[in-house]
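# Please work out how this folds:
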Amino acid sequence: MTDSQATTTPGIPMPAKPIDPPGAGGLAGFRAVPSQHATAVNLGPLRNLPGFWEGTGFNMIARPDFSGDTPNGFFLELNMLRESIEFTTIGSPVFNRGSAQDDVSIYGVTYLHRVTDAGNGEALHIEPGVWLTIPPTTDPPAGPTIARLATIPHGNAVCTVGFTQEVDSDKLPTIPPANTIPFPVGTQPPPPGTRNPYPEYDLSTPSAFRTPSLPPEVTQAVVDDPNAMLRDALQGHVLPHITRLITTADQAQIGNIPFIVRNADTISLESVFAIETVEGPDGTEYQQLQYSQTALLNFRGLSFPHVTVGTLIKAF
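Sure, this is the predicted structure:
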């Protein structure tokens, strides 16, 4: 709320009082916003994110089915995606005040991630959030870290913490497989190569409990391992430099609305975002963003991997 004087005319705003300059006694602890260049320099591993990215991806989610008709209690949704992410630099440092140690300055970017079905344009996902780069701390003792804060309109808010890798190589990166097999709550995911026991995941078996009329890009290889789509997108390119932003499941805090907790409890999120400098066949260099993330949804005694992957190009 703002204060107003009795002489203020309704509907006509009062002229703003100029802010006193630093040292004039008007503002305690005055902090002016630094130049945009100074802020960008301090983004560190996030420095190449700002801009508008567009691309395609794939989504797999086993969602609860309350109809009672499904033999295994879920419907397997498979989507090819059209998506965009817009990253914007936060224009000033974020000061975290310390009590167990000295203050730290955090830098970051905000983002808005939009996802639609590539076939029919159906809205699938919208996610506003923040990426942060955090300096080393003494209490708690930690090296440089990154954090991703995301909000999802299903009723989830996520804070994940992780680290970065800077890789220089003229070889294609190694992308490990992503698990898509449901497994009992509280146990470890099955090892790569394990046979999926649920017929919904077998495209050779007709099922009324799986997305019908799948596009040709959705193959059995992609259902078994969505990261196969990322590997395919890399063929024929040379990547001289990669920055990986890695957040882990054991450093994730998730808040869910009560409905989510009771019906499809989201318990973890891990992700890898790779910012790649790509050299095309004609020698042209451009920036590419690839990501793979897995959220675990718990219902009916099982943890269901919700896997999403994408390959986006920085448009501007």
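
# Show the contacting residues for residue 227.
175-178, 292, 309 (Cβ atoms under 8 Å, 6 or more residues apart in numbering). The way it works is simple: take the backbone N, C-alpha and C, and place the C-beta from them, glycine included.

# Which ones among those residues map onto strands?
Mapping those onto strands (DSSP state E) picks out 292, 309.

# just the contacts of residue 227 now: which is nearest residue 213?
Within the contacts of residue 227, the smallest distance to residue 213 is 21.2 Å, found for residue 309 (Cβ to Cβ).

# Residue 231 is in contact with the closest one, correct?
No: taking contacts as Cβ atoms under 8 Å, residue 309 lies outside contact range of residue 231: 10.1 Å.

# quick one, which of the two is more surrounded?
residue 309 (26 against 16; other Cβ atoms under 10 Å).

# measure that one to residue 271 for me?
Going from residue 309 to residue 271 by Cβ to Cβ, to the nearest Å gives 10 Å.

# Please enumerate the shared neighbours of those two.
Residues touching both residue 309 and residue 271 (Cβ under 8 Å, 6+ apart) are 291-293.

# Who does the longest strand seen in the chain pair with, and is each partner parallel or antiparallel?
If you go by DSSP E, the chain has its longest strand at strand 238-256. If you go by DSSP bridges, strand 238-256 pairs up with strand 156-168 (antiparallel), strand 265-279 (antiparallel).

# Now that strand: buried residues?
Neighbour-count burial for strand 238-256, counted by 16 or more other Cβ atoms under 10 Å, picks out 238-239, 242-247, 251-252, 254, 256.

# Dump the residues you listed into CSV; add pLDDT and distance to residue 59 as well.
Below are these laid out as CSV (pLDDT from 0 to 100; distance: Cβ to Cβ, whole Å):
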residue, pLDDT, distance to residue 59
238, 70, 29
239, 73, 25
242, 89, 24
243, 93, 24
244, 94, 21
245, 94, 20
246, 94, 21
247, 93, 19
251, 85, 24
252, 86, 20
254, 96, 19
256, 96, 20
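
# Output those in a markdown table, with distance to residue 198 appended to each entry.
Shown next, in a markdown table, are these (distance: Cβ to Cβ, whole Å):
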| residue | distance to residue 198 |
| --- | --- |
| 238 | 39 |
| 239 | 36 |
| 242 | 34 |
| 243 | 36 |
| 244 | 31 |
| 245 | 32 |
| 246 | 29 |
| 247 | 28 |
| 251 | 30 |
| 252 | 26 |
| 254 | 25 |
| 256 | 25 |
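
# Which strand or helix spans the closest residue to residue 44 other than its chain neighbours?
Closest residue in space to residue 44, ignoring its immediate chain neighbours: residue 133 at 4.7 Å, by Cβ to Cβ, 6 or more residues apart in numbering. Here residue 133 sits within strand 123-134, counting by DSSP states H and E.

# That strand vs strand 238-256, what angle?
Angle of strand 123-134 versus strand 238-256, following axes from the mean of the first three to the mean of the last three Cα atoms, to 10 degrees, is 100 degrees.

# average pLDDT across the following helix or strand past strand 123-134?
Next in sequence after strand 123-134, counting helices and strands by DSSP H and E, comes strand 137-138. Throughout strand 137-138, pLDDT has a mean value of 95.

# distance between strand 137-138 and the chain's centre?
Centroid separation for strand 137-138 versus its chain: 26 Å, with Cα atoms, centre = their mean, to the nearest Å.

# ditto for stretch 280-289
Stretch 280-289 has its C-alpha centroid displaced from the chain centroid by 23 Å (Cα atoms, centre = their mean).

# just stretch 89-99 next, same as before
Distance, stretch centre to chain centre, for stretch 89-99: 21 Å (Cα atoms, centre = their mean).

# Alpha carbons of that stretch, as CSV, please.
Once non-C-alpha atoms are left out, stretch 89-99 reads as follows in CSV (Å, rounded to 0.1, in the frame of the first residue of the first chain):
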residue,chain,number,x,y,z
THR,A,89,18.9,-11.6,-16.8
ILE,A,90,18.0,-10.4,-13.3
GLY,A,91,19.3,-6.9,-13.5
SER,A,92,21.0,-6.6,-10.1
PRO,A,93,22.7,-8.9,-7.5
VAL,A,94,20.4,-10.7,-5.0
PHE,A,95,21.9,-10.2,-1.5
ASN,A,96,21.5,-13.1,0.9
ARG,A,97,22.1,-11.9,4.5
GLY,A,98,24.2,-14.2,6.6
SER,A,99,23.9,-15.0,10.3
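
# Good, we can wrap up now.
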